[in-house]
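[1] Fold the stuff below for me.
(one chain, ligands or ions: 2)
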Amino acid sequence: MVLAVVPPPVTVRVPAKVNLHLAVGDVRPDGYHDLVTIFQALSLVDEVTVAVADEPGVEVHGEGADQVPTGASNLAWRAVRLLAAHVGKDPDDPKVRVVIRKAIPVAGGMAGGSADAAATLVGLSSLWRLEISRDELAELAGKLGADVPFALYGATALGTGRGERIVPVLGRHQFHWVLAFDRRGLSTPDVFDELDRLRAEGDPPRVGPVEAVLEGLSSGDPRQLALLLGNDLQAAAVSLRPNLRRTLRAGVDAGALAGIVSGSGPTTAFLCEDGDTAVRVAAELAGAGVCRTVRVAHGPVPGARVITTEEPKPTPPEVHA
Ligand SMILES: C[C@](O)(CO)[C@H](O)COP(=O)(O)OP(=O)(O)OC[C@H]1O[C@@H](n2ccc(N)nc2=O)[C@H](O)[C@@H]1O
Ligand SMILES: Nc1ncnc2c1ncn2[C@@H]1O[C@H](COP(=O)(O)OP(=O)(O)OP(=O)(O)O)[C@@H](O)[C@H]1O
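    Residues are numbered from 1 along each chain as shown. Ligands and ions are numbered 1, 2, ... in the order given. Next comes the predicted model:
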C-alpha cells in the first residue's frame, strides 16, 4: 500500500507597479522600445493560488475578471507552460490549476497580468519543490513580458533594456499614493504606437535624467520626488484618452503633490504628502466623478511571495497489487 501525498496548494501575493520615471527610447527592429524606468511596487495586490489538479486550467475572480482570458493566452497559464517545459514536465499536461484573485486593474498600466505570471512562477517553484533561484526565474520571466521580472523582485528598482533588466534601488522611505482606475483599459502596444506617431509629427517633451529621480527617492521627501515624476508614455495615453487630463487635474486640486499616468495607463497615480492626506485625496477624487474607482496604496512593498502553504492532505491510499 502506497500513501500518495498531494502537495498542498500554494498562495502567492504579488504587487502592482507604478513607474516613477519612464524614459522611452526609439523603436527597435524587434518592435520594442529601449526603456530607462524606475519601478515601485505598491500595496495593491493580486493573489494567485496554484494547486495540483486533474482538471488543469485558470480561474479568475475579482477586479475586471470578465476581461481576462482563461485560456492559453492568460499570462499566468503561459508561465505554467514555460516553467513546466524548463524543468522537464509536460507543458501540455502540467496537472495544475491556477486561481487568480484580482485587485490590480486589467489593462490599467499597473502590470497586473505580469504580476500574475510572476506569482505563478513563484507558486509553482514552491509547489513543485524546485531548486531554482530568483535570478533564474527572472530569466524565464523576461520571456513572458517586459514587466514580469520586476514583479518577482518588487520594492523599488531601475529597469533597462525592454524594462526586463532589473537593478534594485535601495531606500527605506515609504511613499503614499492614490490610484484612480479609468472606466476602460488601454492596450499597451497601442500606447507605444501612439507615442511613435506623436514623435513622427513633432517632438513631445521627454522626461529628464533618471539620476535626479534616484536622488529624490533617497531624500525620502515626497515633495522633492513629486517634482521629478515623469512618464514619456503620458502624452500618448492622454492623446488616446483625453479625459485623463481632467483626472490628473482633479487629483492635484484635491491635494496630491503630483499626478502621473501609470505606465501605459489609463490608471493615474497621485503622490501624497502622507497617509492621512492620501485618504482625504482619495475621498475627494472619488466624489469628483472623473474615474471609476479610487484606491489608496503605499510603496515600496516586496515582490511576489508565498503567503500560505496549507498542511499536506493525504489522498486515500492507493493499493498496488
Ligand atoms: C509600459 C510598461 O508597463 C512600463 O513598465 C512596460 O513597458 C510594458 O510592459 P509589458 O506589458 O510587460 O510589455 P510586453 O507584454 O513585453 O509588450 C507588450 C507590447 O508593448 C510594447 N512595448 C513593451 C515594452 C517595451 N520596452 N517596448 C514596447 O514597445 C510592444 O508593442 C510590445 O509588443
Ligand atoms: N492574468 C491576467 N491578468 C490580466 N490580464 C491578462 C492576464 N492574462 C492575460 N491578460 C490580457 O492582457 C491584457 C493586458 O492586461 P494587464 O492587466 O497585464 O495590462 P497592463 O496592466 O496595462 O500591463 P502593463 O502595465 O504590463 O503594460 C488584458 O487586456 C488581458 O486580455
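[2] give me the element whatever residue of the stretch 1-150 of the chain ends up closest to ligand 2 is part of.
    Relative to ligand 2, the nearest point of the stretch 1-150 of the chain is residue 113 (2.7 Å; Cβ to the nearest ligand atom). (Glycine included, C-beta is placed from N, CA and C.) With secondary structure defined by DSSP states H and E, residue 113 is part of helix 112-127.
[3] just to revisit the earlier point, my read: the residue of the stretch 1-150 of the chain closest to ligand 2 touches residue 145, true?
    Yes - judged on Cβ atoms under 8 Å, residue 113 makes contact with residue 145 at a distance of 7.4 Å.
[4] Those two: which is more packed in?
    Each of residue 113 and residue 145 has its neighbours counted (other Cβ atoms under 10 Å); residue 113 has more, 28 against 21.
[5] before we move on, the earlier item: pull up the overlap in contacts between residue 113 and residue 145.
    Shared contacts of residue 113 and residue 145 (Cβ atoms under 8 Å, 6 or more residues apart in numbering): residue 75.
[6] coming back round to it: quick check, distance from the helix holding residue 113 to the centre of its chain.
    Remark: helix 112-127 is offset 12 Å from the chain centroid, using Cα atoms, centre = their mean, to the nearest Å.
[7] just to revisit the earlier point, if I pick the nearest residue to the residue of the stretch 1-150 of the chain closest to ligand 2 once chain neighbours are set aside, what's in contact with it?
    Sequence neighbours aside, residue 75 is the residue nearest to residue 113 in space, at 4.1 Å (criterion: Cβ to Cβ, 6 or more residues apart in numbering). With contact set as Cβ under 8 Å, 6+ apart, residue 75 has these partners: 113, 114, 116, 117, 144, 145, 148.
[8] Distance-wise, check residue 267 relative to ligand 2.
    As judged by Cβ to the nearest ligand atom, to the nearest Å, residue 267 and ligand 2 stand 8 Å apart.
[9] Phi first, then psi, for the spatially most central residue of the chain.
    Among the residues of the chain, residue 111 comes closest to the average C-alpha position under Cα atoms, centre = their mean, at 3.0 Å. In this entry, residue 111 is assigned phi and psi values of phi 60, psi 40 (degrees, to the nearest 10).
[10] Can you read off the pLDDT for the residue nearest to it when sequence neighbours are not counted?
    Counting by Cβ to Cβ, 6+ apart, residue 147 is the residue found nearest to residue 111 once chain neighbours are left out, at 4.0 Å. Reading off the per-residue confidence, residue 147 sits at a pLDDT of 96.
[11] neighbours of residue 147, just the number please.
    Burial of residue 147 is recorded as 30 neighbouring residues (other Cβ under 10 Å).
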